[in-house]
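*Asks:* One predicted model, sequence on top.
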Amino acid sequence: MQRSLISDIIANDIEGEVNIAVWIQDTRSLKNVIFLTVRDTSGMAQVTIRKGTLDNEEKIVGLNRESVIAVKGKWDRKSASKLGVDIVAEKIEILNESLAPLPLGVDDPVEADFDTRLNNRFIDIRKPEKALIFQIESTMLWGIRKFFNSQEFIEVHTPKIVAAATEGGADLFSVKYFEKEAYLNQSPQLYKEILMSCGLDRVFEVGPAFRAEQHNTTRHLNEFTSIDIEVSFADHNDAMAFLENAIKHGVDEMLSRHSDQMEKHGIHVDRVKTPFPRITYEECRKLINDAGMNLEFGDDFSPEQLKVIGNKFNGFYFIIDWPSSMRPFYTMPKPEDPALTNSFDLQFNELEITSGAQRVHNPEILEKRFLDKGLNPSEFDFYIKAFKYGMPPHAGWAIGLERLVMILCGLPNIREATLFPRDRTRIVP
RNA sequence: GCCCCGGUAGUGUAGCGGCCUAUCAUACGGGCCUGUCGAGCCCGUGACCCGGGUCCAAAUCCCGGCCGGGGCGCCA
């Protein structure tokens, strides 16, 4: 199908005949002329039909909102349309008619409930400001991928159906796997570490992660997209450098491609300055205790306490040196103080984005860490085995794509950054 | 998992024991006007989540269910 995007017609100031394919957002039939407000994925335009010039103009005026048409015509530069482009129609083909009334208006003056929007996501995302979120998400991920590619990472895909009962953290969804019981993986953690033993050295993965947690918040999902990396011959400082640079490149890419649209829809994202500040868990604990709240060594920060820290640090920063008791078994204890770990959380204002660490690479220490955490090492033989025949020191992190977009764009709910969110109650659509 | 809140036309709402044959906006249908662009004006269609209960009387109060919103916890 030959067509031009509305944005290209504007950008290239096309003089001659153009073909556009669009959704009808509104029709206004006047005495001598019919105006259509139309929309494609790139933008909005006005289509003008001079009465008496099209044999199907009656039919077109009667079309319901959101019907799809193809228009052949020329840009009338004298038209005073507020949309900036006005195509005078020479021919209009009806590609598909919409039913009415719509389950959800695309440009209605009142915003529908989020539940209604999610139930009718196919229309919701026709709204340019909603579509923009996913364009941003894609572009940012593209920037991150380009960065990893430039750093000699390879993109990998680890299994999402796994046998391990638990890694000691989140609950897993179980699935029937023929005669066996299996689970949906909550993270590629164990597999990407094994890849370090494979000698692949630098890997990243973008894929789904599943958590069977009954949380009910605006920042958790039961299925989300995890960006994971793992790097050999690296420690937590190397991992933090990769993280801040990955975010910088993602944001740069986002701004280079979408800043106009972001501005138009009130999404403001600052350029990222690296390196991010590093503050220790102990420093944070002091801030909180100084603010009159009590936080014992080994306790996690509550949302209220994170605000205290966030008030002190704007934008991105790392909280480092977390207590060993708070971190998963694979986290490397500090050689000089085993009560602490070579680990970090990435924060944005008062919001937690992600965590990472240098990993344990010595199999004896790893087994001991399993036992410390009350886990049975024998259930993780497939994992520990990879540590016994030459596992290099390594480090890595994972970051939730949707949460990153939510935080950067200041969205009120992580579901806004998810096409078809899976939460405590929703599995349709 | 704990706690709070809510479910009224396609959409978003007002009403919170009798004045409700239920408000307003928008959408939808019809008419008028009209180079419009949140078009304007007039007319019309369209709804109290489900099941019990209390009461002379329930959209309104009570109980249960279903569905949803949010906070906390949990969370690699």
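*Replies:* On my side now, so go ahead.
*Asks:* got a list of what A:Thr41 touches?
*Replies:* Shown in contact with A:Thr41 (C-beta atoms under 8 Å, 6 or more residues apart in numbering): A:Leu5, A:Ala131. In this view, the C-beta of every residue, glycine as well, is placed from N, C-alpha and C.
*Asks:* Outline the domain layout of chain A.
*Replies:* A:6-96, A:128-277+A:313-417 (automatic domain parsing).
*Asks:* winner for burial among those?
*Replies:* Most buried of those, by mean neighbour count (mean count of other C-beta atoms under 10 Å): domain A:128-277+A:313-417, with a mean of 18.
*Asks:* just the helices in chain A please.
*Replies:* With helices called from DSSP state H, chain A shows them at A:6-12, A:57-61, A:114-119, A:121-124, A:128-150, A:189-197, A:236-264, A:281-290, A:303-312, A:363-372, A:381-384, A:401-409.
*Asks:* any idea how far A:Ser67 is from the residue sitting furthest away from the middle of chain A?
*Replies:* No residue in chain A sits farther from the centre than A:Gly52, which is 49.4 Å out by C-alpha atoms, centre = their mean. A:Gly52 sits 22 Å away from A:Ser67, going by C-beta to C-beta, to the nearest Å.
*Asks:* Now do the residue farthest from the centre of chain A, the pLDDT please.
*Replies:* Per-residue confidence (pLDDT) for A:Gly52: 92.
*Asks:* Which residues are in contact with it?
*Replies:* Counting by C-beta under 8 Å, 6+ apart, A:Gly52 has no contacts.
*Asks:* next one: phi and psi at it?
*Replies:* Here is the backbone geometry of A:Gly52 (degrees, to the nearest 10): phi 90, psi 0.
*Asks:* Mind putting the domains of chain A into a markdown table with distance to A:Arg285?
*Replies:* Below are the domains of chain A laid out as a markdown table (distance: least, C-beta to C-beta, whole Å):
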| stretch | distance to A:Arg285 |
| --- | --- |
| domain A:6-96 | 49 |
| domain A:128-277+A:313-417 | 10 |
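*Asks:* wait, does stretch A:199-214 contact RNA strand B?
*Replies:* Yes. Remark: stretch A:199-214 sits within contact range of RNA strand B at A:Ala209, A:Arg211, A:Glu213, A:Gln214, by C-beta under 7 Å from any atom of the strand.
*Asks:* Bridged to the nearest residue to the first one once chain neighbours are set aside, which residues?
*Replies:* When the adjacent residues along the chain are set aside, A:Ala209 lies closest to A:Ser226, with 4.2 Å between them (C-beta to C-beta, 6 or more residues apart in numbering). Partner residues in beta bridges with A:Ser226: A:Gly207, A:Gly400, with DSSP bridges as the criterion.
*Asks:* Of all residues in the stretch 201-350 of chain A, which one is closest to RNA strand B?
*Replies:* Nearest residue of the stretch 201-350 of chain A to RNA strand B, counting by C-beta to the nearest atom of the strand: A:His215, 2.7 Å away.
*Asks:* who touches that residue in this structure?
*Replies:* Contacts of A:His215 by C-beta under 8 Å, 6+ apart are A:Arg424.
*Asks:* so how far is A:Asp76 from it?
*Replies:* 54 Å.
*Asks:* residues in contact with the closest residue to RNA strand B within chain A?
*Replies:* Closest approach between chain A and RNA strand B, counting by C-beta to the nearest atom of the strand: A:Ser187, at 1.9 Å. A:Ser187 makes contact with A:Glu167, A:Ala209, A:Ser226, A:Asp228, A:Ala398, according to C-beta under 8 Å, 6+ apart.
*Asks:* interface residues of the stretch 251-400 of chain A facing RNA strand B?
*Replies:* Residues of the stretch 251-400 of chain A lying near RNA strand B (C-beta under 7 Å from any atom of the strand): A:Asp300, A:Ser302, A:Pro303, A:Glu304, A:Pro328, A:Thr354, A:Ser355, A:Ala398.
*Asks:* Show me those residues that map onto strands.
*Replies:* A:Thr354, A:Ser355, A:Ala398 (DSSP state E).
*Asks:* Many thanks, I have nothing further to ask.
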